[in-house]
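Q: have a look; sequence and predicted model below, questions after that.
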Amino acid sequence: MSITIKANIPEGPLAEKWNNYKAKAKLVSPNNRKKLDVIMVGTGLAGASAAASLGEMGYNVKSFCFQDSARRAHSVAAQGGVNAAKNYKNDGDSVYRMFHDTLKGGDFRSREANTYRLAECSASLIDQAVAQGVPFGREYGGYLRNRSFGGVQVSRTFYARGQTGQQLLLGSYQALLRQQNAGKVKLYTRHEMLDLVMVDGKARGIIARNLDTGEIERHSAHAVVLATGGFGKIYYLSTLAMGCNASAIWRAHKKGAYMANPSWTQIHPTSLPQSGEHQSKLTLMSESLRNDGRIWVPNDPKETRLPGDIPEEDRDYYLERKYPAFGNLAPRDIASRAAKEQIDLGKGVGALKNAVYLDFSRAIKEYGQEVIAERYGNLFTMYKKITGIDAYTEPMKISPAAHFSMGGLWVDYDLQTSLPGLFAIGEANFSDHGANRLGANSLLQACVDGYFILPYTLQNYLADEIRVPKIDVNHKAFEETEQKVRQQLEGFLKSKGNKTAEEFHKELGKELYDKCGLLRTKAGLQKAIENIQNLRKEFTENLLVPGDIEEVNSELEKAGRVSDYMELAELMCIDALRREESCGAHFRAEHQTEEGEAKRDDENYCYSAAWEWTGNPSSPVLNKEPLVFETVKPTVRSYK
């Protein structure tokens with residue numbers, strides 16, 4: 001039965017909600033904190049910052065990651081920068097403007113209160129990172145340098161060349177290790193969460209597998225936090241690392257946590273194009289390159305000249321032409337759709353005609369190669385290493401690629417899911433970005449959730465848990481959950497088919513990208529649902545997994561992840577099919593303006609979809625959280 005859900009947003013004016021919350025939130029005394037255990041799954045920016053912060057406060061934290069080191073979390077791959085409303089450039093920026101840009105960038109499909117809090121906390125993050133030694137770019141006089149990202153008209157992005165995620169992660173990683181050394185955080189590397197344990201209606205632990213020994217382990221706590229990132233890897237070819245997956249959040253969903261807006265996935269406009277069927281991932285080229293790079297295609301689809309030989313009058317700088325107010329810094333969803341439009345018209349470039357040019361010749365002429373190298377040197381080096389082309393003398397070739405998940409576990413204002421005691425932070429939740437994330441807001445959300453929000457909201461929950469003794473891992477709920485995990489793993493091994501999990505994943509990813517990617521149609525989504533159901537049936541009958549449970553077995557790991565993708569993929573298509581509008585990255589061909597832009601339906605679809613698991617992946621229940629706009633009136637999103 002469908003219900004209307006509430007987000008527990010505090011009372012008061014928008015600008016005062018977070019301060020009001022902090023003033024009235026329940027606290028846990030230092031003496032009681034050491035009695036409470038918290039499980040943190042994931043050691044990226046969200047998980048590491050949260051674990052370090054909670055450890056510093058005195059809680060006992062168990063931190064899990066499937067990598068061999070916490071610093072190998074995928075946050076390390078983020079390149080371009082992190083946003084903050086510091087207004088260092090004196091160009092009119094403010095907390096309110098950042099809030100409005102983020103809300104508008106998401107096509108007015110996010111909560112006002114959460115989005116404002118993101119902007120409000122942004123300035124504190126820069127101070128935190130500088131104190132940790134993060135080497136942000138600086139002006140000659142020593143001031144922190146800013147640049148612009150898509151969807152804004154101010155410069156609010158702080159950066160460390162093209163490796164901002166890596167530098168921020170090193171800051172949170174050293175804070176995490178400090179707490180490990182102090183005995184407040186216990187790190188479990190090479191461990192994968194396989195299920196959530198619920199005791200008397202509350203999240204009380206996880207079942208994890210030691211990936212080095214294959215041992216199945218039980219871990220208990222007074223609360224569980226998922227910081228496991230997004231599910232963009234479901235498309236197979238994506239900018240995400242091969243190990244990124246949706247299993248932690250999906251298995252929490254199957255225990256009762258709502259999954260919100262799963263079809264809202266971002267296709268990044270600046271990735272290296274696919275070069276052949278042999279590829280298993282794509283390489284991100286930072287959006288920051290669009291500050292100085294100009295995107296164009298030849299006017300003539302039959303053009304054969306080298307890019308440097310094509311004169312200006314024979315080039316189409318289509319973003320500058322279509323969106324003059326923002327030009328090459330149009331939001332990601334718009335830039336990606338525009339690129340696809342040009343490629344579909346036959347104007348694509350490269351061997352497979354599947355890319356567009358990103359040209360730095362004018363910027364090099366204006367500023368000099370030395371300045372461009374200072375700004376983007378490592379990105380140009382990476383591009384040359386992969387393609388063999390020197391982008392200082394020849395335009396880069398870029399193409400859209402699956403990247404980020406705006407959808408995720410539904411959480412309230414406290415970042416708590418629909419399951420008491422289970423919290424989700426960073427990209428694992430859905431809360432801040434609406435239907436499209438603006439560039440450089442991902443690192444921001446991950447850090448803000450971990451450093452500044454969860455330490456308050458989790459404590460508000462744990463204040464009522466101080467009388468609860470240590471959770472016994474011999475409880476019947478742990479035993480039953482472990483038994484189900486073992487049954488699933490044994491089922492994979494018993495399946496003696498002839499098709500690997502990797503092959504199934506590749507087939508699923510292509511189906512999703514073609515029918516639930518940049519462009520969606522009713523007929524395409526209906527066909528995708530049918531094809532995914534058939535593919536899932538084949539997966540159960542024809543899967544090949546060699547080896548055993550009690551050993552290193554990467555094929556077994558993949559099988560579990562792809563099994564979850566098979567169910568999540570259908571929910572993505574159901575969600576996209578049910579939403580009869582276009583908004584942000586969700587573009588239904590049936591719902592567009594005469595100019596080919598997204599056409600929202602605020603009367604019928606101004607809500608976040610919170611899907612509930614029923615036991616059958618083909619028949620989920622839709623619950624709705626109405627989106628109420630008290631401060632900003634949703635308007636037609638225009639960047640022209």
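A: Done, it's in.
Q: mind listing what residue 372 touches?
A: 292, 360, 363-364, 380, 392 (Cβ atoms under 8 Å, 6 or more residues apart in numbering). To be clear about C-beta, it is placed using only N, CA and C from the backbone, and glycine gets the same treatment.
Q: for residue 132, state which of those is nearest.
A: residue 380 (27.6 Å; Cβ to Cβ).
Q: distance check, the closest one against residue 363.
A: As defined by Cβ to Cβ, to the nearest Å, residue 380 lies at a distance of 12 Å from residue 363.
Q: more neighbours: those two, which one.
A: residue 380 (22 against 19; other Cβ atoms under 10 Å).
Q: what about residue 324, how many neighbours?
A: Residues lying near residue 324 (other Cβ under 10 Å) number 10.
Q: isn't there a strand covering it?
A: No - remark: residue 324 does not belong to a strand; assigned using DSSP: H, G, I helix; E, B strand; the rest coil, it is coil.
Q: who's in contact with it?
A: Taking Cβ under 8 Å, 6+ apart as the test, what residue 324 contacts is residue 640.
Q: quick one, phi/psi of it?
A: Taking degrees, to the nearest 10, you get phi -60, psi -30 for the backbone angles of residue 324.
Q: distance of it from residue 287?
A: When Cβ to Cβ is applied, the distance between residue 324 and residue 287 equals 19 Å.
Q: what's the answer for residue 355, then?
A: Separation of residue 355 from residue 287 (Cβ to Cβ) stands at 16 Å.
Q: got it, and residue 200?
A: Going from residue 200 to residue 287 by Cβ to Cβ gives 46 Å.
Q: so these two - more neighbours on which side?
A: Neighbours around residue 200 and residue 287, counted as other Cβ under 10 Å, are more numerous at residue 287. The numbers are 26 against 8.
Q: contacting residues for the more buried one?
A: Contacts of residue 287 were listed using Cβ under 8 Å, 6+ apart, and they are 80, 149-150, 268-270, 332, 439-440.
Q: closest to residue 241 out of the residues you listed?
A: Residue 241 lies nearest to residue 268 out of these, by Cβ to Cβ, at 14.6 Å.
Q: and the pLDDT for the closest one?
A: Reading off the per-residue confidence, residue 268 sits at a pLDDT of 96.
Q: which of the three states applies to it?
A: On the basis of three-state DSSP, residue 268 is classed as strand.
Q: number of nearby residues for it?
A: A count of neighbours around residue 268, defined by other Cβ under 10 Å, yields 26.
Q: how about residue 84?
A: When neighbours are defined as other Cβ under 10 Å, residue 84 has 27 of them.
Q: correct me if wrong: it contacts residue 156.
A: Yes - between residue 84 and residue 156 a contact is recorded at 6.2 Å, counting by Cβ atoms under 8 Å.
Q: point out where the stretch 51-200 of the chain drops to low pLDDT.
A: Judged by pLDDT under 70, the stretch 51-200 of the chain has no weakly predicted residues.
Q: helix/strand/coil for residue 568?
A: helix.
Q: can you pull the contacts of it?
A: Contacts of residue 568 by Cβ under 8 Å, 6+ apart are 231, 234, 246, 250, 259, 262.
Q: where's the fourth one relative to residue 260, distance?
A: Spelled out, that is residue 250. In this structure, residue 250 lies at 13 Å from residue 260, with Cβ to Cβ as the measure.
Q: and these two? Which one has more around it.
A: Set side by side, residue 250 and residue 260 show more neighbours around residue 260, with 27 against 24, by other Cβ under 10 Å.
Q: picking that back up, which of the contacts of residue 568 lies closest to residue 160?
A: For those, the closest approach to residue 160 (Cβ to Cβ) belongs to residue 231, at 27.1 Å.
Q: and that closest one, how many neighbours does it have?
A: By the criterion of other Cβ under 10 Å, residue 231 has 31 neighbours.
Q: with the one 10 residues further on instead?
A: Under the neighbour criterion other Cβ under 10 Å, residue 241 is assigned a count of 16.
Q: how about it, what does it touch?
A: Listed by Cβ under 8 Å, 6+ apart, the contact partners of residue 241 are 74, 77, 233, 281.
Q: mind putting the residues you listed into CSV with distance to residue 613, neighbour count and secondary structure?
A: As requested, the contacts of residue 241 are arranged in CSV below (distance: Cβ to Cβ, whole Å; neighbours: other Cβ atoms under 10 Å; DSSP: H, G, I helix; E, B strand; the rest coil):
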residue, distance to residue 613, neighbour count, secondary structure
74, 26, 23, helix
77, 31, 17, helix
233, 21, 25, helix
281, 29, 16, coil
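Q: any idea how many residues pack against the nearest residue to residue 279 once chain neighbours are set aside?
A: Nearest residue to residue 279, sequence neighbours excluded (Cβ to Cβ, 6 or more residues apart in numbering): residue 237, at 6.4 Å. By other Cβ under 10 Å, 18 other residues sit near residue 237.
Q: likewise for the one 10 residues further on?
A: By the criterion of other Cβ under 10 Å, residue 247 has 22 neighbours.
Q: name the element the residue lying closest to it once chain neighbours are set aside belongs to?
A: In this structure, residue 247 finds its nearest non-sequential neighbour in residue 564, 4.8 Å apart by Cβ to Cβ, 6+ apart. Assigned by DSSP states H and E, residue 564 belongs to helix 554-578.
Q: run the chain-centre distance for that helix.
A: With Cα atoms, centre = their mean, to the nearest Å as the basis, helix 554-578 stands 16 Å off its chain's centre.
Q: state the next helix or strand along the chain beyond it.
A: Immediately after helix 554-578, counting by DSSP H and E, sits helix 602-605.
Q: report the distance from that following helix to the chain centre.
A: Mean C-alpha position of helix 602-605 versus that of the full chain (Cα atoms, centre = their mean) differs by 25 Å.
Q: give the next helix or strand downstream of it.
A: Toward the C-terminus, helix 602-605 is succeeded by strand 607-612 as the next helix or strand (DSSP H and E).
Q: give me the contact list for that following strand.
A: With Cβ under 8 Å, 6+ apart as the test, strand 607-612 has contacts from 5, 109, 111, 253, 256, 258-262, 410, 418, 430, 571, 574-575, 578-579, 620-627.
Q: partners of it, with directions?
A: Each strand pairing with strand 607-612, determined using DSSP bridges, is listed with its direction: strand 259-260 (antiparallel), strand 621-626 (antiparallel).
Q: of those, flag the one that's most buried.
A: Stretch with highest mean neighbour count among the strands paired with strand 607-612: strand 259-260 (a mean of 28; mean count of other Cβ atoms under 10 Å).
Q: chain center to that strand: distance?
A: On the basis of Cα atoms, centre = their mean, strand 259-260 sits 14 Å off its chain's mean C-alpha point.
Q: for the record, mean pLDDT for that strand?
A: Mean pLDDT, strand 259-260: 98.
Q: now tell me what touches that strand from outside.
A: Strand 259-260 is touched from outside by 249-250, 253, 407-410, 429-430, 568, 571, 608-611, 613, 625, with contacts defined as Cβ under 8 Å, 6+ apart.
Q: again, 10 Å this time
A: Contact with strand 259-260 is made by 5, 231, 246, 249-250, 252-253, 406-411, 417-418, 424, 429-431, 568, 571-572, 575, 608-613, 620, 623, 625, as judged by Cβ atoms under 10 Å, 6 or more residues apart in numbering.
Q: find the nearest non-adjacent residue to residue 261, please.
A: Excluding its sequence neighbours, the residue lying closest to residue 261 (Cβ to Cβ, 6+ apart) is residue 407, at 4.1 Å.
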